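Colleague: Got a sequence here, can you build the structure:
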Amino acid sequence: MESDRYKRGWEKLKEIDGHAGEKVIDALKDIAPDLARYTIEFPFGDVYSRGVLSLKEREIATVAALAALGNAQPQLKVHIHGALNVGCTRQEIVEIMIQMAVYAGFPAALNGIFAAKEVFAKRNHLGQVN
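Modeller: Got it, this is the predicted structure:
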């Protein structure tokens, strides 16, 4: 039986990440179904569902953190898509990466901007303007 956290998290995941988020969860189900459930329940069911910050603000923070880590390219790309899905512009994504040059260093900023470039190209190919 699915908990309220799971249902709330699944809806929030779809709202932010759409098909890309669903693909991540599906990829986990055969090897680590508990991790798939935890990923839905805690980040999306609990944290992303809180008030105070908008989804756009949460995605800005997430994109910045993942870019700063410098070792989470697949997750960064998913969350760049998510940020665009919840109202960030491409220019805002670029500005996040420029900001990361100051606090996370140029390698992290460059890796982040190239991840963004890939996401933008994919969205262009799909006819998505933002």
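
Colleague: what's the domain layout of the protein?
Modeller: 1-50, 53-130 (automatic domain parsing).

Colleague: Just say which of those domains is most tucked in.
Modeller: domain 53-130 (a mean of 17; mean count of other CB atoms under 10 Å). Yep, even glycine has a C-beta here, placed from its N, CA and C like the rest.

Colleague: ok, back up a step: save the domains of the chain as JSON lines, and put in mean pLDDT too.
Modeller: Converted to JSON lines, the domains of the chain look like this (pLDDT from 0 to 100):
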{"stretch": "domain 1-50", "mean pLDDT": "90"}
{"stretch": "domain 53-130", "mean pLDDT": "95"}
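
Colleague: And the spatially most central residue of the chain, how far from G127?
Modeller: Residue closest to the mean C-alpha point of the chain, counted by CA atoms, centre = their mean, is H79 at 1.7 Å. Using CB to CB, to the nearest Å, H79 is found at 21 Å from G127.

Colleague: same question, L53
Modeller: From L53 over to G127 (counting by CB to CB), the distance is 30 Å.

Colleague: again with G51
Modeller: 34 Å.

Colleague: Next: I93.
Modeller: Distance of I93 to G127, computed by CB to CB: 19 Å.

Colleague: any idea which element V119 lies in?
Modeller: Assigned by DSSP states H and E, V119 belongs to helix 106-125.

Colleague: same for that helix, what does it pack against?
Modeller: helix 55-69, helix 73-85, helix 90-103 (3 or more CB pairs under 8 Å, 6 or more residues apart in numbering; DSSP states H and E).
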